[in-house]
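Novice: okay, predicted coordinates and the sequence, questions at the end:
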Amino acid sequence: MASENSFKKRKITTVDDGGGLLESLPGDILTDIFSRLPISSLAKLMFVCRSWRSMLITQHGLVSSSCSSDKKPCLLLHCDSPIRNGLHFLDLSEEEKRIKTKKFTLRFASSMPEFDVVGSCNGLLCLSDSLYNDSLYLYNPFTTNSLELPECSNKYHDQELVFGFGFHQKTKEYKVVKIVYFRGSSSSYRGRGRIQYKQSEVQILTLPTTRDQPLSWRSLGKAPYKFMKRPTEALVNGRLHFVTRPRRHVPDRKFVSFDLEDEEFREIPKPDCGGLNRINHRLVNLKGCLCAVVYGNYGKLDIWVMKSYGVKESWGKEYSIGTYVPKGLKQSLDRPMWIWKNAENGKVVRVLCVLENGEILLEYKSRVLVSYDPKLGKFKDLVVHGMPNWFHTVVHVGTLSWLDTPLNL
């Protein structure tokens, strides 16, 4: 009996020392091991013991550079249902038969039950309060780290907000941009049935990389353009991108970037594809390039790619996608009110990303995910267990990073 008990003790001790044995492996081997695991598995390993958590955080920069690929993204499904929103995810790096959605537990749900996703960058989400507009949160859904950002001292009673969130590789800084359009005391008027906001202010918040670094908003003055009321279109080359709203006598829509390094707005040349003065296009980041998705009739679309950033001549039509009706759309469902609030101006399909196999991932009417093979011209519905009926997809590269985590991306 005594020898049996001593055997059990030795066995338990061996398990407890597992973290130490793993830590003794060379760094390049650890990096190779962790890079083969999906982010959901890495997140679970962080809670095994303190030594594993410390080791994963230490190895984070190397692991991120090898496994954080937009070719195998983790998709976040934002369910903007009334009373309390939900956030699900599915990992496309897993085998297709094993893919299923999982739901996050949101620690901030009691203080911000309804939210919009401003943007995703390096594993961090920026969320805005969709009820009151004042609250902003940073959140890593896999580590559950969250931070409520301070309110700006400059507040306006009647306002329209455009947000942006991104990271600049050179400065190693995260920044949140808030463009406020508001009515002055006597400068507003109604045009074509809606209120015109004549005044504006650009507010910016640089996020701290150390705990003792101050956190406060700065004003960059008046916004030089009037942008569409929707989150920033794409983050490319350390720049956020927006589309301008046409003016009464200037119908031309412009592509405008905001450089997160020097904090300047600049116009970006548009492709010569015609029809871009209407609300029929969106900007996206595909494989690190700025792309313009131009919509035609009946759900058809073309994807123009700027292969050399900032060079007008480098625009070229890379993909043409025809009409398709997924099987999941044939089922009649009541359309929730929030779908109308977040509708993509009546667009049937959203372009999400390009997968590792070269297929394009699409979202149809906030209900169905579809992959499109541009070589064969074939569509394939992605049938995933546990998918919500209605959702808005966010392409998210899951990491274990936080604001004070060294990044070697």
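Specialist: Yep, it's here. Numbers count the residues shown, from 1 in each chain.
Novice: shaky segments in the stretch 251-400 of the chain?
Specialist: Residues of the stretch 251-400 of the chain that meet the criterion pLDDT under 70 lie in 251, 275, 277-279, 331-346.
Novice: cool, and the stretch 51-200 of the chain?
Specialist: 57-72, 82, 93-98, 133, 184-196.
Novice: all strands of it, in order?
Specialist: Under the criterion DSSP state E, counting those that start in this stretch, the stretch 51-200 of the chain contains strands at 74-79, 86-91, 102-103, 115-121, 124-129, 136-139, 146-149, 159-168, 173-182, 189-191, 194-196, 199-206.
Novice: can you list the strands that the fourth one pairs with?
Specialist: Same thing as strand 115-121. Sheet partners assigned to strand 115-121 using DSSP bridges are listed as strand 124-129 (antiparallel).
Novice: what does the third one give?
Specialist: Here strand 102-103 is paired, per DSSP bridges, with strand 86-91 (antiparallel).
Novice: quick one: the strand it pairs with to strand 74-79, angle?
Specialist: If you take axes from the mean of the first three to the mean of the last three C-alpha atoms, to 10 degrees, strand 86-91 sits at 160 degrees to strand 74-79.
Novice: what does strand 86-91 contact?
Specialist: Residues outside strand 86-91 that contact it (C-beta atoms under 8 Å, 6 or more residues apart in numbering) are 38-40, 74-79, 99-104, 106, 141, 384, 386-388, 391, 396, 398. Placement of C-beta: from N, CA and C, glycine included.
Novice: filter those down to the buried ones, PyMOL style.
Specialist: To isolate the buried subset of the contacts of strand 86-91 in PyMOL, counting by 16 or more other C-beta atoms under 10 Å, use the following:
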select buried, resi 38+39+40+74+75+76+77+78+79+99+101+106+141+384+387+391+396+398
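Novice: I'd like the strands of the stretch 51-200 of the chain laid out as CSV, including distance to K378.
Specialist: Listed next are the strands of the stretch 51-200 of the chain as CSV, based on distance: least, C-beta to C-beta, whole Å:
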stretch, distance to K378
strand 74-79, 21
strand 86-91, 22
strand 102-103, 29
strand 115-121, 29
strand 124-129, 33
strand 136-139, 37
strand 146-149, 41
strand 159-168, 35
strand 173-182, 40
strand 189-191, 46
strand 194-196, 43
strand 199-206, 45
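Novice: nearest to Y309, out of those?
Specialist: When those are ranked by distance to Y309, counting by C-beta to C-beta, first place goes to strand 159-168 at 14.3 Å.
Novice: gap between that closest one and the chain center?
Specialist: Here strand 159-168 is found 12 Å from its chain centre; the criterion is C-alpha atoms, centre = their mean, to the nearest Å.
Novice: who are the packing partners of it?
Specialist: Under the contact definition 3 or more C-beta pairs under 8 Å, 6 or more residues apart in numbering; DSSP states H and E, strand 159-168 sits against strand 115-121, strand 124-129, strand 173-182, strand 239-243.
Novice: report all helices and strands that the third one contacts.
Specialist: Looking back up the chat, that one is strand 173-182. Counting by 3+ C-beta pairs under 8 Å, 6+ apart, strand 173-182 packs on strand 159-168, strand 199-206.
Novice: okay, the angle between the longest one and strand 239-243?
Specialist: The one in question is strand 159-168. Orientation check (the same axes, to 10 degrees): strand 159-168 against strand 239-243 gives 150 degrees.
Novice: which residues of the stretch 301-409 of the chain fall in helices?
Specialist: Along the stretch 301-409 of the chain, the segments classed as helices by DSSP state H, counting those that start in this stretch run 337-341.
Novice: which parts of it are strands?
Specialist: 301-306, 315-321, 349-354, 360-364, 368-373, 378-381, 392-396.
Novice: any idea how far the residue most central in space within the chain lies from P73?
Specialist: Centroid check for the chain by C-alpha atoms, centre = their mean gives S120 as the closest residue, at 2.9 Å. To P73, S120 is 10 Å away according to C-beta to C-beta, to the nearest Å.
Novice: now for those two: what residues contact both?
Specialist: Shared contacts of S120 and P73, defined by C-beta under 8 Å, 6+ apart, are found at 395-397.
Novice: quick revisit: so which of the strands of the stretch 51-200 of the chain comes closest to K365?
Specialist: Across the strands of the stretch 51-200 of the chain, K365 has its closest neighbour in strand 74-79 (13.9 Å, C-beta to C-beta).
Novice: what comes into contact with that closest one?
Specialist: Residues outside strand 74-79 that contact it (C-beta under 8 Å, 6+ apart) are 38-40, 85-93, 101, 117, 120, 125, 141, 352, 369, 387-388, 390-398.
Novice: go on, stretch 274-293?
Specialist: 70, 228, 233-236, 241, 243, 246, 251-253, 255, 268, 270-271, 273, 294-296, 301-307, 309, 315, 318, 344-345, 347, 350-354.
Novice: in it, what's buried?
Specialist: Buried positions in stretch 274-293, judged by neighbour count with 16+ other C-beta under 10 Å: 276, 279-286, 289-293.
Novice: check the offset of it from the chain's centre.
Specialist: Distance, centroid of stretch 274-293 to centroid of chain: 17 Å (C-alpha atoms, centre = their mean).
Novice: among the buried residues of stretch 274-293, which two are most distant?
Specialist: Using C-beta to C-beta, those span at most 22.8 Å, a distance reached by I279 and C289.
Novice: what pairs with E160 across the strands?
Specialist: Here E160, judged by DSSP bridges, has bridge partners Y181.
Novice: what is the burial count for S24?
Specialist: Look at S24: counted by other C-beta atoms under 10 Å, it has 8 neighbours.
Novice: quick one: it from L37, how far?
Specialist: Distance, S24 to L37, using C-beta to C-beta: 19 Å.
Novice: roughly how far apart are L283 and L235?
Specialist: As judged by C-beta to C-beta, L283 and L235 stand 10 Å apart.
Novice: got any residues that touch both of the two?
Specialist: Common neighbours of L283 and L235 (C-beta under 8 Å, 6+ apart) are H241.
Novice: who are the contact partners of F47?
Specialist: R53.
Novice: helix/strand/coil for it?
Specialist: Here F47 is coil, with the state taken from DSSP: H, G, I helix; E, B strand; the rest coil.
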